[in-house]
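Provide a 3D model corresponding to the input given below.
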Amino acid sequence: MYLDPPLSSRRKSSSSPRRVLVLLILILLMLILLSRRGEVTQPFMPTPTPTPGAFVYAQYATAAYEQGRLKEAIEHYRQAVRLAPNDAAYRIPLSRLLIWTGKPQEALEQAEKAVELAPDSARALAALCQAQDWNGQVSEALATCRQAIALDPNYAEAHAYLAEAYTDSISSGDYVVGWAEVMREAEKAIELNPSSVDAYRNLGYAWHHQGYYVQANQAYQQALEINPRLSYLYLDISRNYRALGNLDAALSSIQDAIQVAPESGELYEELGWIYYGNEQLTLAEQELEKAVEVDPTLGRAWSRLGRTYYRRRNYEDAQFALQKAIELGHDNIENYYTAGLVLYYLARCDEAIPLFNQALAIDPEEPNALEGIRLCIESQEKD
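Residues are numbered from 1 along each chain as shown. Next up is the predicted model:
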């Protein structure tokens, strides 16, 4: 848009070509001087855009979570934490999502830091309670959840996580409370926040551990109605169907989950284990191989893959998979004696016997380990 000069000053232009040339030369000199000072950007080059703040990354994380893209949500929350390391608000949801993607130790670290930054926050304490419980620190979790509820009796997730910790306490044989108190806490969470996925999920968890698998799945389905793109809920539903002996429904639930989250190694692991339980060992092997390909840190998937290889007499691959499982912390009795039997069949009893002994250190009467030692002794006597 051009602005006219005042009417009183309007007159015919008397510019000459020489005057125009002088003006152009002056403009050119000014541009040269400015460019040397770095004050002129190159034409058509994009100007720098400001880095989004922590709050923006948290919004990205929320959007990814609502779409079921949990790993993407985690990365956005991690970026928010990097930008605002002293703000507990971003560590709390990060801790929760790390739990649901199989990283409870990292979740615990984030929750502990959140409480350090905000010691009087019921949300931070509730996150720590959940993380402690998932790391096997059940008694600590109970105390932390009670502290969260004392700070804010109306925070639904604190009641939900307390119900979960109570459930794990009872399941481990430590009857701090009875099932009636567990259910009261789970139902209180739903009463306080009927839109809480965790409230319905932990109600289902409590039903599951009492053996009420149908009621458990009803609660999980209600959680899915709130967010139908959370793959871990389909996983819970599938396990209940497996407990009920309904393998078709279990398979269907896992296949639905894989459509939602094809990047989840745990889903392929569960699918493979369903096939294993159905004696479809070829399909089991294929899905378990996918699981460890998608997420090589899944120790239980390596364990199950090793057992599948063993059943199919693929001893070389079984030995590798079981060793990997043990290295990743799945050093349970079954992995020790199965790895020992694999080495026996590979004629490597010198390596097998220590594994049998590790199994016997856990249970001195483990029959598979005792049989493995007997077989090795016989083999060595023949040699």
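
can you map out the helices along the stretch 1-150 of the chain?
17-36, 54-66, 70-83, 88-100, 104-117, 122-134, 138-151 (DSSP state H, counting those that start in this stretch).

make JSON lines out of the ones you listed and add mean pLDDT and distance to Lys324.
Where you see a C-beta, it was placed from the backbone N, CA and C, and this is true even at glycine. Below are those laid out as JSON lines (pLDDT from 0 to 100; distance: least, Cβ to Cβ, whole Å):
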{"stretch": "helix 17-36", "mean pLDDT": "51", "distance to Lys324": "60"}
{"stretch": "helix 54-66", "mean pLDDT": "94", "distance to Lys324": "30"}
{"stretch": "helix 70-83", "mean pLDDT": "95", "distance to Lys324": "22"}
{"stretch": "helix 88-100", "mean pLDDT": "96", "distance to Lys324": "22"}
{"stretch": "helix 104-117", "mean pLDDT": "97", "distance to Lys324": "18"}
{"stretch": "helix 122-134", "mean pLDDT": "98", "distance to Lys324": "23"}
{"stretch": "helix 138-151", "mean pLDDT": "98", "distance to Lys324": "29"}
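
return the most buried member of those.
helix 122-134 (a mean of 27; mean count of other Cβ atoms under 10 Å).

if we can go back for a sec, so which of the helices of the stretch 1-150 of the chain comes closest to Tyr315?
Closest approach to Tyr315 among the helices of the stretch 1-150 of the chain (Cβ to Cβ): helix 104-117, 32.3 Å.

export stretch 208-215 as PDB, just CAs?
Only the C-alpha atoms of stretch 208-215 are listed here, as PDB (Å, rounded to 0.1, in the frame of the first residue of the first chain):
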ATOM      1  CA  HIS A 208      -7.600 -60.700  38.200                       C
ATOM      2  CA  HIS A 209      -5.600 -61.600  41.300                       C
ATOM      3  CA  GLN A 210      -8.700 -62.800  43.100                       C
ATOM      4  CA  GLY A 211      -9.400 -65.100  40.100                       C
ATOM      5  CA  TYR A 212     -12.400 -63.200  38.800                       C
ATOM      6  CA  TYR A 213     -11.200 -63.000  35.200                       C
ATOM      7  CA  VAL A 214     -14.500 -62.000  33.700                       C
ATOM      8  CA  GLN A 215     -15.000 -59.100  36.100                       C
END
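
about what we covered before: Serialize the helices of the stretch 1-150 of the chain to CSV and add fields for distance to Ala206.
Output for those, formatted as CSV (distance: least, Cβ to Cβ, whole Å):
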stretch, distance to Ala206
helix 17-36, 70
helix 54-66, 24
helix 70-83, 23
helix 88-100, 17
helix 104-117, 19
helix 122-134, 13
helix 138-151, 14
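
who wins for proximity to Leu343 among those?
For those, proximity to Leu343 was assessed by Cβ to Cβ; helix 104-117 is nearest, at 30.2 Å.

now that closest one and helix 122-134, what's the angle there?
150 degrees (axes from the mean of the first three to the mean of the last three Cα atoms, to 10 degrees).

C-alpha coordinates for stretch 268-281, CSV please?
Output of stretch 268-281 as CSV, limited to C-alpha atoms (Å, rounded to 0.1, in the frame of the first residue of the first chain):
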residue,chain,number,x,y,z
TYR,A,268,4.6,-60.1,19.9
GLU,A,269,5.9,-61.9,23.0
GLU,A,270,2.4,-62.4,24.3
LEU,A,271,1.2,-63.6,20.9
GLY,A,272,4.1,-66.0,20.6
TRP,A,273,3.4,-67.4,24.1
ILE,A,274,-0.2,-68.0,23.2
TYR,A,275,0.9,-70.0,20.2
TYR,A,276,3.4,-71.9,22.5
GLY,A,277,0.6,-72.8,24.9
ASN,A,278,-1.4,-74.1,21.9
GLU,A,279,1.6,-76.2,20.8
GLN,A,280,2.0,-74.2,17.6
LEU,A,281,5.7,-73.9,18.0
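
what sits up against it?
By Cβ atoms under 8 Å, 6 or more residues apart in numbering, the surrounding residues in contact with stretch 268-281 are 235, 238-239, 242, 247, 250-251, 254-255, 258, 283-288, 290-291, 294, 298, 300-301, 304-305, 307-308, 311-312.

which of these are buried?
235, 238-239, 242, 247, 250-251, 254, 258, 284-285, 287-288, 290-291, 294, 298, 300-301, 304-305, 307-308 (16 or more other Cβ atoms under 10 Å).

among those, which lie within strands?
Among the buried ones among the contacts of stretch 268-281, no member falls in strands (DSSP state E).

what about Ser196, distance to Ile74?
20 Å (Cβ to Cβ, to the nearest Å).

any idea which residue sits dead centre in this protein?
Thr101 (1.2 Å; Cα atoms, centre = their mean).

which one is Gln319 nearest to, not counting chain neighbours?
Among residues not flanking Gln319 along the chain, Val342 sits closest, at 4.8 Å (Cβ to Cβ, 6 or more residues apart in numbering).

please look at that neighbour and Asp317 and confirm they touch.
No: using Cβ atoms under 8 Å, Val342 makes no contact with Asp317, being 9.5 Å away.

any common contacting residues for these two?
In contact with both Val342 and Asp317: Gly306, using Cβ under 8 Å, 6+ apart.

which one's more surrounded, the two?
Val342 (29 against 17; other Cβ atoms under 10 Å).
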